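Student: Below is the sequence, then the predicted model.
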Amino acid sequence: MRRLAMFALVLAIAAPACDDDNNPTAQPILFTATLATSNEVPAIPSTSSEVNGSGSVIISFTGDRDSSGNFTSEPIANFQFNLANLPAGTVLRGAHIHQQVAGQNGSIVVDTGLSASNTITLATGAEQINRPATQNVGLTLANSIVANPAGFYFNVHSNNHPGGVMRGQLSRVQ
């Protein structure tokens, strides 16, 4: 059921942006990740009120591409992440793409604009959040993510866990 819902969400995001179904270079490139507290390094301790947090993210890169599928201009990134099983009132203070493989921490490479001074407070602890990128994704970086999405992860940071509360490695959907 969860996979069916994710697939429907991916289609809903991709459909409006696909202005030319016969031209694959006009369609956005989509990535997903399943977010879990156990993926954090170090993992969230079992005593934390946020230990059961989970979620998913869909990231779309939209921009001009050549016939090989490589971006020829800096794409725009859009983020839609769904979070669940967090306590009501959880304050999110960051969400971004980092460059690094599973099990290791890496540097932030694409930001969503959430920060310690620009937070989101979850009313119920289970919410959908839509964020456009606050920056274009650099051309070299975008093509690196497309070529090796598993070398990058998305994570969400909370006030209780400023180093990250849940994360997941990227995988390309489309």
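Tutor: Yep, it's here.
Student: CA atoms for contacts and neighbours, from now on please.
Tutor: Noted.
Student: What ranges does the protein have for its helices?
Tutor: 2-17, 139-147 (DSSP state H).
Student: for this structure, which spans come out with low pLDDT?
Tutor: Scanning the chain for pLDDT under 70 picks out 1-26, 133-134.
Student: if we go to 80?
Tutor: 1-26, 132-135, 174 (pLDDT under 80).
Student: for this structure, what spans make up the strands?
Tutor: 29-36, 54-62, 76-84, 91-99, 107-111, 120-121, 127-132, 152-158, 166-169, 171-172 (DSSP state E).
Student: what's the second one in contact with?
Tutor: Which is strand 54-62. 10, 27-37, 75-86, 154, 166 (CA atoms under 8 Å, 6 or more residues apart in numbering).
Student: 7 Å instead?
Tutor: 28-37, 75-85, 166 (CA atoms under 7 Å, 6 or more residues apart in numbering).
Student: and of the strands of the chain, who's closest to residue 70?
Tutor: Among these, the nearest to residue 70 by CA to CA is strand 29-36 (10.5 Å).
Student: Which secondary structure elements does that closest one sit against?
Tutor: strand 54-62, strand 166-169, strand 171-172 (3 or more CA pairs under 7 Å, 6 or more residues apart in numbering; DSSP states H and E).
Student: Point out the most buried one among those strands.
Tutor: The highest average neighbour count among the helices and strands packed on strand 29-36, using mean count of other CA atoms under 10 Å, belongs to strand 166-169 at a mean of 28.
Student: what's that strand packed up against?
Tutor: Looks like strand 166-169 contacts strand 29-36, strand 152-158 (3+ CA pairs under 7 Å, 6+ apart).
Student: So what angle separates the directions of the first one and helix 139-147?
Tutor: Taking axes from the mean of the first three to the mean of the last three CA atoms, to 10 degrees, strand 29-36 and helix 139-147 form an angle of 70 degrees between their directions.
Student: Just the buried residues of strand 29-36, please?
Tutor: 29, 30, 31, 32, 33, 34, 35, 36 (16 or more other CA atoms under 10 Å).
Student: Skip the chain neighbours and tell me the closest residue to the third one.
Tutor: Nearest residue to residue 31 in three dimensions, chain neighbours excluded: residue 172, at 4.3 Å (CA to CA, 6 or more residues apart in numbering).
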